[in-house]
Every structure is written in C-alpha cells, then in structure tokens.
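Enquirer: Dropping a prediction and its sequence here:
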Amino acid sequence: MADTINSEIKFNIELDENRVPEKLSWTAQDGGVEQEEAKAIMLSIWDSKAKETMRIDLWTKDMPVDEMKIFFHQTLVAMSDTFKRATDDEKMADTMKDFCDYFAEKLELTK
C-alpha cells in the first residue's frame, strides 16, 4: 500500500469585539506560503452525505468595494475554468465565461 501524504492549509482570522474580521492570513507550507495577509476568503466545502455545499465567506472591514468586485469577477472566472476541468462540459463553461464577461462589463472592470 502506498504511503499517503498529508498537507495542511491554515487560516487565521483576527476578529474585533463584534466578531467582524479585522485581519485575515493563511499558511500553506507545501505551497511556500507562510502567514500571507488576505483581505477576503471564499471557501466552499462539499458535504456528500447531505448533498450540499457549506461555505465560509469572510472579508475584512477595510476590504475596498472596488477590490471586492474584482475578487468576485476573478473567482467567477476561476470557477468557470474549474467547472470545465471537473466536468469536461465545454459548452456550459463557455456560457459561464460569457456571464463573466457580462459581469465585468456591467461593473466596468474591463478597459
């Protein structure tokens, strides 16, 4: 039997007195990341027993709205790419990319 390898990703969330994130950082030693600062985190976890997605969406109170719009756009584009790789459904991935283009246009993210 082959040996397995464990890899760990850690998130550190510093909250204010109202439990609102003030600072976010993450560590992934296998990726060479050590306490890297972040302004937002979106994490999706699939629960196969319940057949539902659990989510953790966090952003710091000083995350600029214009950066949040860019973050969402880039996340949507990445999800389109991941969908294509995971399902090999090129037609739907292209449809998702079309929406990403529309999203960027409406938010005036394209130049």
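Expert: Received the coordinates, thanks. Numbering: from 1, shown residues only.
Enquirer: Which single helix of the protein contains the most residues?
Expert: When the chain is scanned for its longest helix (criterion: DSSP state H), the result is helix 65-87.
Enquirer: Downstream of that one, the next helix or strand is which one?
Expert: Downstream of helix 65-87, the next assigned helix or strand under DSSP states H and E is helix 90-106.
Enquirer: Which secondary structure elements does that following helix sit against?
Expert: helix 65-87 (3 or more Cβ pairs under 8 Å, 6 or more residues apart in numbering; DSSP states H and E). Glycine gets a C-beta too; all of them are placed from N, C-alpha and C.
Enquirer: residue contacts, the nearest residue to Asp57 once chain neighbours are set aside?
Expert: Nearest non-adjacent residue to Asp57, counting by Cβ to Cβ, 6 or more residues apart in numbering: Met42, 5.2 Å away. Each residue near Met42 by Cβ atoms under 8 Å, 6 or more residues apart in numbering is listed here: Arg55, Ile56, Asp57, Thr75.
Enquirer: need the residues you listed in TSV with distance to Ser7 and pLDDT, can you?
Expert: Conversion of the contacts of Met42 to TSV gives the following (distance: Cβ to Cβ, whole Å; pLDDT from 0 to 100):
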residue	distance to Ser7	pLDDT
Arg55	22	96
Ile56	19	96
Asp57	23	96
Thr75	22	97
